[in-house]
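Chemist: quick one: sequence and predicted model below, then my questions.
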Amino acid sequence: MKRLTMVAALALAQSGCVTSQEDSPLLFGNVLALEGCDPDTSKFISQGSLDVAGGGNYVMAVQARNIIPTSRVIIIGDTPTNVGGSSVTLTEIIYRYESSPELGLPEEDRVATYAVVPAGSGDNSYVPVSAFGPLALEKLRAVAPASPGVSVISHIKARGRVGSTSNVETNEFSFPVRVFASVCSSPATAGVCSPGQDVPTACPAPTTPAP
């Protein structure tokens, strides 16, 4: 599996979804389930939860597919010439959010990034993606209610270039996260891959006094 480094944001609806943009050479797909911090390519998830009291973000592995062939034939003069396919280099992640009830999240988050997705990469390629951008995460840590929390949807797309020149924009991906804040003085660090991720609470388990 090819691991591609990227920082991004996502997060509300009842299930994750991807909007179609058929003219884009780079397509985001399903969110893979995590075993610890390692993606399981045989399992997908459609939503998550985050206890912001743990201090972390929601971390995902999102399928990314560069549909440019690994090689193709072009005509130079009268001569057919085989050339390699172009990689896609992502340089910016763009987020927008919905919440219910409304939380005053930013209309848009933009984060500079660097990720190279090679030509012909199939569904086994993925990018690590954080569920929220920095502006939204700061706001959520300040206003998230106690459990059961609030539903937040993050819509994400990326911009970059094909090869060294042509600009490119991916399809938009959406993922729902239930966000809440536990009330505890010293949050624990429990979570699937990040503190507070997909756990009932980030607070330490109560201790039983010794007899």
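Modeler: Thanks, I have the structure now.
Chemist: point to the residue nearest the middle of the protein.
Modeler: Relative to the mean C-alpha position of the chain, the nearest C-alpha, by Cα atoms, centre = their mean, is the one of Val129, at 3.1 Å.
Chemist: for Asp40, see how far away Leu34 is.
Modeler: Leu34 sits 7 Å away from Asp40, going by Cβ to Cβ, to the nearest Å. The way it works is simple: take the backbone N, C-alpha and C, and place the C-beta from them, glycine included.
Chemist: which one's more surrounded, the two?
Modeler: Using other Cβ atoms under 10 Å, the more surrounded residue of Leu34 and Asp40 is Leu34, with 21 against 13.
Chemist: surely that one touches Tyr58?
Modeler: No. Using Cβ atoms under 8 Å, Leu34 is not in contact with Tyr58, being 10.6 Å away.
Chemist: tally of neighbours for the closest residue to Ala33 other than its chain neighbours?
Modeler: Once flanking residues are discounted, Ala33 sits nearest to Lys43: 3.7 Å by Cβ to Cβ, 6 or more residues apart in numbering. Counted by other Cβ under 10 Å, the residues lying close to Lys43 total 12.
Chemist: quick one: pLDDT of Lys43?
Modeler: Per-residue pLDDT puts Lys43 at 92.
Chemist: could you find the closest non-adjacent residue to Leu103?
Modeler: In space, and not counting its chain neighbours, Leu103 is closest to Val143: 5.5 Å by Cβ to Cβ, 6+ apart.
Chemist: all helices for this structure, in order.
Modeler: 134-143 (DSSP state H).
Chemist: can you find the helix or strand in it with the smallest mean pLDDT?
Modeler: None of the helices or strands of the chain scores lower by mean pLDDT, DSSP states H and E than strand 79-84, at a mean of 53.
Chemist: hang on, Val111 packs against Pro134?
Modeler: Yes. Using Cβ under 8 Å, Val111 is in contact with Pro134, at 7.0 Å.
Chemist: any regions of the chain where pLDDT drops low?
Modeler: Along the chain, the model assigns pLDDT under 70 to residues 1-22, 70-85, 122-124, 165, 206-211.
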